[in-house]
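[1] Dropping the sequence and predicted coords here.
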Amino acid sequence: MALETTTMTTDPILKVEHLSMRFGGLMAINDFSFEAARGEITALIGPNGAGKTTVFNCITGFYKPTMGMITMRQRSGSEFLLERLPDFEIAKRAKVARTFQNIRMFSGLTVLENLLVAQHNKLMQASGFTILGLLGFPAYRQASKESIEFAKHWLEMASLIDRADDPAGDLPYGAQRRLEIARAMCTGPELLCLDEPAAGLNPRESLALNGLLQTIRGETGTSILLIEHDMSVVMEISDHVVVLEYGQKISDGNPDYVKNDPKVIAAYLGVEDEEVEEVIEEIEAEQGGMTQ
């Protein structure tokens, strides 16, 4: 039987320790621990209802966990206990950005304006939180110019520069997904959390998404944590995969290890608990026969 492994990273950007989340009598997450390495793509997978989005909500501050510790360590060495911070502080101070299963954008604004909105903190600081921006204050003009150039850079990365002046709501679905990711990158995150970014995408759109995520990791060093059901996306781009079932971790390792783990295979087949051992024995027997 394959054994569950815990990947201990030498330079973790995120460390989740003994996380539990209870809703009344329901224990959605039970003593869950894992680490995400700096500069890598870590995927959190599992069957529907496994608790993946609940984990994301705890990391990004939408839920306060019943128990456990979530530590974010920046490149500078600064550490933040995310379970103690409100959600806006997690985004602003800890530099954690997130997208959601359902696309959330300002559909009436242009594609470029959506990325400028993501930089509002920088622009407000440049204006001194006064009307000096409206009066053409030099520092604000410079900050505004830099924000536009930064937004255009991410539109180029997301292959959306030709749609910069179009209403965001007019974009096709796959392009809206990439716009959400580009907007998140305009906040300057060190950890980018993506909740099912490939949901609803066709193969061509999934390929474009993979390219964008690999560019983000390769060119910026931003660490990525994603929830995903599309295993072709997970296995192609992930460095590390963590598997949840019924709120508990059942496997943790590189993509090749996880996809061949009998426990993971049994979980995705929807096998009852009392049948898991039998299925694992059958799978291992088949794997043993193929190697002879």
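    Thanks, I have the structure now.

[2] so where do the strands sit in this structure?
    For the chain, the strands defined by DSSP state E occupy 12-23, 26-37, 41-45, 67-73, 79-81, 96-98, 191-195, 223-227, 240-245, 248-253.

[3] and the second one, which residues are buried?
    Of the residues in strand 26-37, those buried under the neighbour-count criterion (16 or more other CB atoms under 10 Å) are 27-30, 32, 34-37. In short, each C-beta sits where N, CA and C put it, glycine included.

[4] Next, format these as TSV and append pLDDT and distance to Met69.
    Shown next, in TSV, are the buried residues of strand 26-37 (pLDDT from 0 to 100; distance: CB to CB, whole Å):
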residue	pLDDT	distance to Met69
Met27	95	18
Ala28	96	17
Ile29	97	13
Asn30	97	15
Phe32	98	11
Phe34	97	12
Glu35	97	12
Ala36	97	14
Ala37	97	18
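
[5] For these, give me a markdown table that also has distance to Val111.
    Shown next, in a markdown table, are those (distance: CB to CB, whole Å):
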| residue | distance to Val111 |
| --- | --- |
| Met27 | 42 |
| Ala28 | 36 |
| Ile29 | 36 |
| Asn30 | 42 |
| Phe32 | 37 |
| Phe34 | 35 |
| Glu35 | 36 |
| Ala36 | 30 |
| Ala37 | 32 |
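
[6] which one of the residues you listed is nearest Asp252?
    Phe34 (6.1 Å; CB to CB).

[7] I figured Glu190 hits Lys95, correct?
    Yes - the criterion here is CB atoms under 8 Å, and Glu190 meets it with Lys95 at 4.4 Å.

[8] looking at the sheet around Met69, what are its partners?
    Here Met69 sits in beta bridges with Glu17, as judged by DSSP bridges.

[9] what's the neighbour count on it?
    The number of residues packed near Met69 is 15, by other CB atoms under 10 Å.

[10] Need the pLDDT of the most centrally placed residue in the chain.
    By CA atoms, centre = their mean, the mean C-alpha position of the chain lies nearest to Cys193, the distance being 2.2 Å. Reading off the confidence values, Cys193 has pLDDT 97.

[11] dump the residue contacts of it.
    Contact analysis of Cys193 by CB atoms under 8 Å, 6 or more residues apart in numbering lists 56, 59-60, 96-99, 224-226.

[12] right, so of the strands of the chain, which gets closest to Ala164?
    With respect to Ala164, and counting by CB to CB, the nearest of the strands of the chain is strand 96-98 at 20.9 Å.

[13] That closest one pairs with which strands, and in what direction?
    Using DSSP bridges, strand 96-98 pairs in its sheet with strand 191-195 (parallel).

[14] Can you give the domain ranges for the chain?
    As assigned by automatic domain parsing, the chain contains the domains 1-95+189-260, 105-187.

[15] Now do the same contact list for Met72.
    By CB under 8 Å, 6+ apart, the residues touching Met72 are 13-14, 79-80, 82, 90, 94, 96, 190-191.

[16] Those residues into JSON lines, with extra columns for neighbour count?
    Shown next, in JSON lines, are the contacts of Met72 (neighbours: other CB atoms under 10 Å):
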{"residue": "Ile13", "neighbour count": "24"}
{"residue": "Leu14", "neighbour count": "24"}
{"residue": "Glu79", "neighbour count": "11"}
{"residue": "Phe80", "neighbour count": "18"}
{"residue": "Leu82", "neighbour count": "23"}
{"residue": "Ile90", "neighbour count": "24"}
{"residue": "Ala94", "neighbour count": "25"}
{"residue": "Val96", "neighbour count": "28"}
{"residue": "Glu190", "neighbour count": "21"}
{"residue": "Leu191", "neighbour count": "25"}
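
[17] any idea which of these is closest to Asp252?
    Scanning those for proximity to Asp252, where the rule is CB to CB, the winner is Leu14, at 13.8 Å.

[18] The residue nearest to that closest one when sequence neighbours are not counted: what's it in contact with?
    Leaving aside its sequence neighbours, Leu14 sits nearest to Ala36 (CB to CB, 6 or more residues apart in numbering; 4.2 Å). Neighbour list for Ala36: 9, 12-15, 42, 191, 223, 225, 240 [criterion: CB under 8 Å, 6+ apart].

[19] how does it look with 10 Å?
    Applying CB atoms under 10 Å, 6 or more residues apart in numbering to Ala36 gives the contacts 7, 9, 12-16, 42-44, 59, 72, 191, 193, 223-225, 239-240, 242.
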